[in-house]
Each structure stands twice: as C-alpha cells, then as structure tokens.
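**Student:** Sequence and predicted model, in that order:
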Amino acid sequence: MINACLVLIGNSIMWMGSIYVSWPIILVGNIIFGLGGEVLNVGQDILCFNWFHMANFNLSLNIVMGMNTFGTSLDQFLTPYVYERTESIPTCFFIALMFCLFSFICAIIACYMEYYAE
C-alpha cells in the first residue's frame, strides 16, 4: 500500500514538474516513482505466492508480469499518440497519473481482500 502510494506521489510530482517545465522536479518525482515501483513488484510477487502457494503460482506470477509488460507497451503506444493530438507534455503526464490512480485504487482493494482473507 505504501509502495503504491509512492508510485502515485512520484507520478504526481512528475506531472507538476512537467507543468512548471522543471527538470529537477521531474527527476525527484521519477526517483520517488522508481522507489515505489521496484518494491511494488516484489510485493506483487509475495501477494501471488500467498494467494496461490504452489498451485498455479507460476501462472499467476506470469499474468502479473505480463500485465506489467502490457502496461509498458500501452504507455509507449499512447504517449506519442496523445502528444500528437494535444501537443502538450503535461497532458501525457496527467493521463499517466490517471492510470496510476486506477492502479492505486486496485491496490487498496487488494489490501482489503488480503486483510479479510486471513
């Protein structure tokens, strides 16, 4: 939960940095985003192991990793498309922020599911 919050905060800071055209602010946001994102991947692996143990663990882990790769591919496709339509870098960062917000909401739901499952 804290890691998903770091990702959301880091992406928010990057969006604000793009509005003010400040590379140092974007860099700080990217560092915070990276710290939360790397640890979040480890947390996803642990969550998969707790939910699936050895039965279908490989499948669940591959689905999670596949979704990460799909998200990266979608970002690489959508960002140039949005920029061509709007010619605004902050708009691209804002759309990424909305995806992070959706992911944060999903993380909250997963935390509640994990809490009540025990």
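**Tutor:** Yep, it's here. Quantities reported herein were computed from a predicted structural model and do not represent experimental measurements.

**Student:** where does the chain have low pLDDT?
**Tutor:** 118 (pLDDT under 70).

**Student:** Could you give the number of residues near residue 70?
**Tutor:** 10 (other Cβ atoms under 10 Å). In this view, the C-beta of every residue, glycine as well, is placed from N, C-alpha and C.

**Student:** Would you mark the buried spots in the host helix or strand of it?
**Tutor:** Residue 70 belongs to helix 57-86 when assigned by DSSP states H and E. In terms of neighbour count (16 or more other Cβ atoms under 10 Å), helix 57-86 has its buried residues at 60, 82.

**Student:** Distance of the closest residue to residue 31 other than its chain neighbours relative to residue 39?
**Tutor:** Leaving aside its sequence neighbours, residue 31 sits nearest to residue 10 (Cβ to Cβ, 6 or more residues apart in numbering; 7.3 Å). Distance, residue 10 to residue 39, using Cβ to Cβ, to the nearest Å: 12 Å.

**Student:** the more surrounded of these two?
**Tutor:** residue 10 (21 against 15).

**Student:** so which strand or helix has the more buried one?
**Tutor:** In this assignment (DSSP H and E), residue 10 forms part of helix 2-19.

**Student:** cool, and residue 31?
**Tutor:** For residue 31, the enclosing helix or strand under DSSP H and E is helix 23-52.

**Student:** quick one: buried residues of that helix?
**Tutor:** Neighbour counts over helix 23-52 (16+ other Cβ under 10 Å) mark 25-26, 29-30, 32-33, 36-37, 40, 43-44, 47-48 as buried.

**Student:** right, and residue 4 touches residue 33 too?
**Tutor:** No - look at residue 4 against residue 33 with Cβ atoms under 8 Å: they stay out of range, at 11.2 Å.

**Student:** Now the residue nearest to the spatial centre of the chain: closest residue in space, sequence neighbours ignored.
**Tutor:** For the chain, the residue sitting closest to the mean C-alpha position, by Cα atoms, centre = their mean, is residue 100 at 4.9 Å. Distances taken as Cβ to Cβ, 6+ apart put residue 11 closest to residue 100, at 4.5 Å, once the chain neighbours are dropped.

**Student:** Noted, bye for now.
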